[in-house]
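Chemist: The following comprises the amino acid sequence and a computationally predicted model.
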Amino acid sequence: MTPPVGFLGAFGDAVEFIFNPQATRFTGGREVGGLDQVWDLTVTHLEVSGVALGIALVLALPLGVVLGHAGRGEAFAISVGNSVRGVPELALIAFVAAFIGFGFGNVAIALMVLGVAPILTNSYVGVRQVDRDAVEAARGMGMGDLQIITRIELPLAVPTIMTGVRTGAINIIATASIAPLAGVLTLGDFILARNVYGDDGVLAGAILIALLAMTVEFSLAGLQRWLTPRGIKLARERAAA
C-alpha cells in the first residue's frame with residue numbers, strides 16, 4: 001500500500017494507480033493497474049527492447065568496427081544513420097504490423113532498426129578517431145588486423161561506441177511504447193488504452209516509461225565507465241581539471 005498522495009493531484013493519482021489496483025469507470029468494475037500488472041508490462045517492455053538492442057548490436061557493431069578499421073564505407077555508415085533517423089516510429093510499427101505481422105519477434109525486428117543507425121555510425125566514427133600512430137605502432141610490432149581491432153581500436157573507441165549504444169537503447173525503449181499496436185503489451189498499453197485505464201493510467205504509463213529509460217541510461221553509463229580504459233579516464237580528468 002502506498003501512503004496518501006492525494007495532495008499531489010493528478011501525479012498522486014497516477015502513483016496510486018501504479019501501486020494499487022483500482023476499478024475505473026471504463027472497466028465495468030474490473031480492477032486495473034497495481035504492481036502486478038505494472039511488473040508484467042515492464043518485463044515485456046524490457047524483453048522486447050533487449051532483444052531488439054541485442055540484434056542491433058550483432059548486426060551494426062561488427063560492421064561499423066570493420067569499416068572503421070579499413071577506413072572505408074564512411075558514406076554508407078553515415079547515410080544509413082541519417083536515413084533510419086528519418087523513419088517515423090509509428091509508421092515503422094504500422095508497416096511491420098500490416099506487411100510482416102503481429103507478435104513479439106516482428107516487433108523486435110522493427111525496433112531493432114532504430115538501434116542500428118546510432119550503433120553503426122558511432123562504431124565507425126569511434127574506430128576512425130583512434131590515433132593512427134598507435135595503430136601503425138601496433139602493426140609495426142607484428143600485430144595482425146584482428147589483434148589491432150581487439151587490443152587497440154575497440155578499447156580506445158569504447159566511449160564513442162557506448163554513446164551510440166545508449167542512444168539506440170533509449171530510442172528502442174521509447175518506441176516500444178507503441179508496441180501494443182502490433183500486439184505486444186508493454187508499458188505503452190497504459191498510454192494507448194486510455195479508454196481502459198483512464199487519465200491516471202496514461203500519466204502512470206508516462207512516468208513508468210521515463211523511469212525505465214532513465215534506469216537503462218544510467219546503467220549503460222556505468223557500463224561505459226567500467227569498459228573505458230583507465231588511461232582515457234585519467235586524460236579526461238586532467239582535461240577537466
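Modeler: Ah, there it is. These numbers come from a predicted model, not from an experiment.
Chemist: show me where pLDDT drops low in this structure?
Modeler: 1-8, 24-29, 81-101, 233-241 (pLDDT under 70).
Chemist: try 80 this time
Modeler: Along the chain, segments meeting pLDDT under 80 span 1-9, 23-30, 73-102, 231-241.
Chemist: packing partners for whichever helix in it runs longest?
Modeler: When the chain is parsed with DSSP state H, its longest helix is helix 34-70. Under the contact definition 3 or more C-beta pairs under 8 Å, 6 or more residues apart in numbering; DSSP states H and E, helix 34-70 sits against helix 10-19, helix 74-85, helix 104-128, helix 154-175, helix 188-192, helix 194-227. Where you see a C-beta, it was placed from the backbone N, CA and C, and this is true even at glycine.
Chemist: Mind doing that once more with 6 Å?
Modeler: Counting contacts by 3 or more C-beta pairs under 6 Å, 6 or more residues apart in numbering; DSSP states H and E, helix 34-70 packs against helix 104-128, helix 154-175.
Chemist: so how far is that helix off the chain centroid?
Modeler: 6 Å (C-alpha atoms, centre = their mean, to the nearest Å).
Chemist: in it, what's buried?
Modeler: Residues of helix 34-70 classed as buried by neighbour count (16 or more other C-beta atoms under 10 Å): 37-38, 41-42, 44-46, 48-49, 51-53, 55-57, 59-61, 63-69.
Chemist: Residue 52 versus the spatially most central residue of the chain, what's the distance?
Modeler: Geometric centre of the chain, nearest residue: residue 169, 1.2 Å, by C-alpha atoms, centre = their mean. Separation of residue 169 from residue 52 (C-beta to C-beta, to the nearest Å) stands at 9 Å.
Chemist: Kindly report the same for residue 136.
Modeler: As judged by C-beta to C-beta, residue 136 and residue 52 stand 38 Å apart.
Chemist: With residue 159 instead?
Modeler: Going from residue 159 to residue 52 by C-beta to C-beta gives 23 Å.
Chemist: and if you look at residue 197?
Modeler: Using C-beta to C-beta, residue 197 is found at 25 Å from residue 52.
Chemist: One more: residue 107?
Modeler: On the measure of C-beta to C-beta, residue 107 and residue 52 end up 8 Å apart.
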